[in-house]
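> here you go, sequence then predicted model.
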Amino acid sequence: MPNPTALTPYPVTITKIVDETSDVKTFTVEFDDPEVMDNFGNKPGQVCMLSVFGEGESTISITSSPTRGKFLEFTVKRVGRLTEVLHQMEVGQKFGVRGPYGNWFPYEAMKGKDLFFVGGGFALAPIRSLIDFALSDQYRSDYGKVEVLYGARSVDDMCFKGDLAERWPKLHNTGIYTTIDRPQDDWKGHVGFVPNYVEEVAPSPKNKVAIIAGPPIMIKFTLPVFAKLGFKDEQIITTLEMRMKCCLGKCGRCNIGSKFVCVDGPVFSQAELKGMPKEY
Amino acid sequence: MKAKIVNKGQLSGLLDKLAKDYDLVAPVKEETITLFKKISSAQDAFLDYTNSDVSPKGCFLPQSEKIFSYTYTGDSLEIVKPESAKKTVLFGARPCDIKAITTLDPVFEGEKFGDEFYSSKRENTVIIGLSCSKVLSTCFCYAFGGGPCDGTGSDLLFTEIGDKYYVEINTDKGQALVDANSQFFSSESTDQLAKDKEELAKKLAGEFVKKVDLTGVKELLDSDFELAYWDEDPYKKCIGCGTCTYVCPTCHCFDIFDFTTGDITGDRIRCWDSCMYPEYTLMAGGHNPRPTRKERIRNRFMHKLKYHLDRYNMVGCVGCGRCIRKCPVNIDITKIINDLKEVAQNA
């Protein structure tokens, strides 16, 4: 059904802000009209357009799982004008949200399987929605072991520390592996790059799906490791980022070949990506 | 098909009446430029043109358009949406430009999301086409199934024959307009004019200068994204001015931004954008998936000849020839098509 108000955002109020790192914050927001949330129907992996009035809009993935409550979380890195203004906002203030847009992780097809997540730096954000979805009371029994391998440049660059160190390890049948690029005095955990750590942990491809998100360089070196471990292209899922203005498949700029990332993506399997031009 | 006749002497009366009952958009001449604008009387219309400099796509996707106004203090937010579209008549659009509108329809009205701004204008507009009486040296509408007297997409199509306009009534919307203004439409027999129109169409079909052969082009583009052709001509010539995209009647890319009108007020605007500019795909983090003109040129022509076809089953070019006429460095899409045909043949 075409949404007649597609380009008009709904007002939201910030209810919580978490400083993940010096330039990454997670904003929890609630719609001013609760009915909007009731009908929002966001699925893990989808994105929203955030409206910062005076600056415009930006595409941000929904970091929270719909199973966690009647709110949305957005994890935002301060990189440009809009995000700079967003980072100055405080609890109680308002901005605009429209969505949800794009496809979602194939969580139905993943049922009965083990999930192995790989996240680098701030890019755990787009896959965190699926991690929490699979670990929710409601859907936990649909999935096998849930493992998360996460790497950051340094301790200070680690996002979602509460999830990685406290919340997820305590849940049933999970495996959490964290690493930083270089040794640090206050770090007792693993040191090394993500691709090498994946090779060390060596997840078996048997009945498993790998979900990867991170900077392009990390993805580039991680994909061959999964191939070496025996993962097929269909078993590797990733999510892409492109500049977007409308998120409705009309403004033109997020295309990769004939596909628009905003409506046909952002979630693609490695098998799908191999059939698309390398223009992302 | 139903048809009527408008005697030339009646046209200004009809247009004046339409200008009273509707917003009347028609070709006008401003200095040396022919473009489409709202007019208030028949004498403002400029019908002695072959192909306007600016296409009438702005009737449905304006060059800039307010999406809403906002009042925002940080703690409070109010959004006011603009009034919906007024009843409009687009008069005097050429067949290629009307066909272009039909290629925009699936973008804005199809798939998952509609576009209230486009659709309300589309619903509230009666399109009156005007057959061409001449073919320009840059025209090639025939290559994509169009023609100088083709009524596809129009509600009414006027064809100038001697001192009369032969008027084909193509839709109920067109019929309703004729019924409401019957005093301007003669009820004499249209049989002779129907034959004259066919003759005219045949004559014009033989006047095209541009020879375009699409044989194998789509298949070539389907099979190879990294053609060596894109490394050569035409991207080395392109200066990235974006003119081709602004004059193109099927280009639909737009930007959305906020225009502040006061301390706490502003308008959200959408305006035409161009895939020829590096900022178009540049992400806040600095990465650009189409960093050079090579990728951008390739994307533009792939969009016209392949992507639009893949997605909507319609070619993204209607052969109006504006990009050829307006390009400051003579990049010619018909040459590109013919070059690609050569590449396909020699592959």
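That came through fine.

> any regions of the stretch 151-280 of chain A where pLDDT drops low?
Across the stretch 151-280 of chain A, nothing is flagged by pLDDT under 70.

> please enumerate the helices of it.
A:161-162, A:194-201, A:216-228, A:261-264, A:270-274 (DSSP state H, counting those that start in this stretch).

> likewise the stretch 1-150 of chain B?
B:8-21, B:95-109, B:116-123.

> tell me which of those helices lies nearest to B:Glu226.
Of all the helices of the stretch 1-150 of chain B, it is helix B:95-109 that lies closest to B:Glu226, at 26.9 Å by Cβ to Cβ. C-beta here means a position set from N, CA and C on the backbone, and glycine is covered the same way.

> helix or strand: which one has A:Ile14?
strand A:10-19 (DSSP states H and E).

> tell me the helix or strand right after that strand.
Next element after strand A:10-19 (DSSP H and E): strand A:24-31.

> okay, now the sheet partners of that next one, with direction.
strand A:10-19 (antiparallel), strand A:72-77 (antiparallel) (DSSP bridges).

> distance to A:Phe231 and mean neighbour count for these - can I get that in a markdown table?
Below are the strands paired with strand A:24-31 laid out as a markdown table (distance: least, Cβ to Cβ, whole Å; neighbours: other Cβ atoms under 10 Å in any protein chain shown):
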| stretch | distance to A:Phe231 | mean neighbour count |
| --- | --- | --- |
| strand A:10-19 | 33 | 17 |
| strand A:72-77 | 27 | 23 |
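
> in a markdown table: those, plus mean pLDDT.
Shown next, in a markdown table, are the strands paired with strand A:24-31 (pLDDT from 0 to 100):
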| stretch | mean pLDDT |
| --- | --- |
| strand A:10-19 | 97 |
| strand A:72-77 | 97 |
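
> which stretches of chain B form strands?
Assigned by DSSP state E, chain B shows strands spanning B:2-7, B:23-30, B:33-39, B:64-72, B:77-80, B:88-93, B:125-130, B:156-161, B:164-169, B:254-260, B:265-272.

> sorry, wrong one. I was asking about the stretch 51-200 of chain A.
A:56-61, A:72-77, A:94-101, A:114-120, A:146-152, A:174-180, A:190-191 (DSSP state E, counting those that start in this stretch).

> which stretch among these comes nearest A:Lys250?
Using Cβ to Cβ, the strands of the stretch 51-200 of chain A put strand A:94-101 closest to A:Lys250, at 11.9 Å.

> domains for the chain, by residue range?
Since you didn't name a chain, this refers to chain A. A:10-101, A:114-239 (automatic domain parsing).

> wrong one, I was asking about chain B
Using automatic domain parsing, the domain ranges for chain B come out as B:2-205, B:217-346.

> quick check, pLDDT for the closest residue to chain A within the stretch 1-150 of chain B.
Closest contact between the stretch 1-150 of chain B and chain A, by Cβ to the nearest Cβ, is at B:Gly114 (2.8 Å). We have a pLDDT of 88 for B:Gly114.

> okay, now it: neighbour count?
Residues near B:Gly114, counting by other Cβ atoms under 10 Å in any protein chain shown, number 18.

> next: B:Glu31.
Counted with other Cβ under 10 Å, residues neighbouring B:Glu31 total 4.

> from B:Phe46, how far off is it?
Taking Cβ to Cβ, to the nearest Å as the measure, B:Glu31 and B:Phe46 are separated by 12 Å.

> what residue of chain A is the furthest out?
A:Asp185 (29.6 Å; Cα atoms, centre = their mean).

> ok, that one to chain B distance?
Remark: distance between A:Asp185 and chain B (Cβ to the nearest Cβ, to the nearest Å) = 30 Å.

> before we move on, the earlier item: which one of the domains of chain A lies nearest to B:Gly129?
Of these, nearest to B:Gly129 by Cβ to Cβ is domain A:10-101, at 36.4 Å.

> mind checking how far that closest one is from the chain centre?
From the chain centre to the centre of domain A:10-101 is a distance of 13 Å (Cα atoms, centre = their mean, to the nearest Å).

> now do the end-to-end distance for it.
14 Å (Cα to Cα, to the nearest Å).

> same check on stretch B:22-38?
End to end - Cα to Cα - stretch B:22-38 spans 10 Å.

> what's around residue 280, how many residues?
Looking at chain A here, since you left the chain open. 20.

> look at chain B instead
22.

> my read: it touches B:Trp272, true?
No: taking contacts as Cβ atoms under 8 Å, B:Tyr280 lies outside contact range of B:Trp272: 11.5 Å.

> overlap in contacts of the two?
B:Cys253 (Cβ atoms under 8 Å, 6 or more residues apart in numbering or on different chains).

> so how far is B:Val80 from B:Asn338?
The value you get for B:Asn338 to B:Val80, if Cβ to Cβ is used, is 52 Å.

> doesn't B:Ile39 make contact with B:Val25?
Yes: counting by Cβ under 8 Å, B:Ile39 is a contact partner of B:Val25 at 7.4 Å.

> check what pLDDT the residue nearest the centre of chain A gets.
In chain A, the centroid-proximal residue (Cα atoms, centre = their mean) is A:Pro126; its distance is 0.6 Å. Looking at A:Pro126, its pLDDT reads 95.

> which residues touch the residue nearest to it when sequence neighbours are not counted?
Leaving out its chain neighbours, the residue that sits closest to A:Pro126 by Cβ to Cβ, 6 or more residues apart in numbering or on different chains is A:Ser61, at 3.9 Å. Residues counted as contacts of A:Ser61 (Cβ under 8 Å, 6+ apart) are A:Gly45, A:Gln46, A:Val47, A:Cys48, A:Phe74, A:Thr75, A:Ala125, A:Pro126, A:Ser129, A:Thr239, A:Pro266.

> what about residue 62, how many residues nearby?
Picking chain A for this. Neighbours around A:Ile62, by other Cβ under 10 Å: 28.

> wait, chain B
For B:Pro62, using other Cβ under 10 Å, the count is 16.

> which residues are in contact with the residue of chain B most remote from its centre?
Of all residues in chain B, B:Asp75 has its C-alpha farthest from the mean position, at 42.8 Å, by Cα atoms, centre = their mean. Applying Cβ under 8 Å, 6+ apart to B:Asp75 gives the contacts A:Gly92, A:Gln93, A:Lys94.

> and the spatially most central residue of chain B, what does it touch?
Closest residue to the average C-alpha location of chain B: B:Pro249 at 2.9 Å, with Cα atoms, centre = their mean. By Cβ under 8 Å, 6+ apart, the residues touching B:Pro249 are B:Ser55, B:Pro56, B:Lys57, B:Cys96, B:Asp97, B:Ala100, B:Ile101, B:Val318, B:Cys320, B:Arg322.

> wait, doesn't the first one sit right on B:Tyr246?
Right, the one you point to is B:Ser55. No: using Cβ under 8 Å as the test, B:Ser55 is too far from B:Tyr246 to be in contact (9.5 Å).

> the more surrounded of those two?
B:Ser55 (25 against 18).

> wait, what's in contact with the more buried one?
B:Phe36, B:Asp97, B:Ala100, B:Val247, B:Cys248, B:Pro249, B:Cys320, B:Arg322.

> which residue packs closest to B:Asp163, ignoring adjacent ones?
B:Lys8 (4.9 Å).

> so the one you found sits right up against B:Lys164, yeah?
Yes: between B:Lys8 and B:Lys164 a contact is recorded at 6.5 Å, counting by Cβ under 8 Å.

> and the two? Which one has more around it.
B:Lys164 (22 against 11).

> just grab the bridge partners of the more buried one for me.
In this structure, B:Lys164 bridges to B:Asn7, B:Ile161 when assessed by DSSP bridges.

> kindly report the same for B:Lys29.
What pairs with B:Lys29, by the bridge criterion (DSSP bridges), is B:Thr34.

> any low-confidence regions in the stretch 1-150 of chain A?
Looking at the stretch 1-150 of chain A by pLDDT under 70, you get A:1-5.

> which residue sits closest to residue 222 in space, ignoring its chain neighbours?
If you meant another chain, say so; for now it's chain A. Nearest to A:Thr222 is A:Pro195, by Cβ to Cβ, 6+ apart, at 4.6 Å.

> ah, I was thinking of chain B
The shortest distance from B:Asp222 to any non-neighbouring residue, by Cβ to Cβ, 6+ apart, is to B:Lys306 (6.7 Å).
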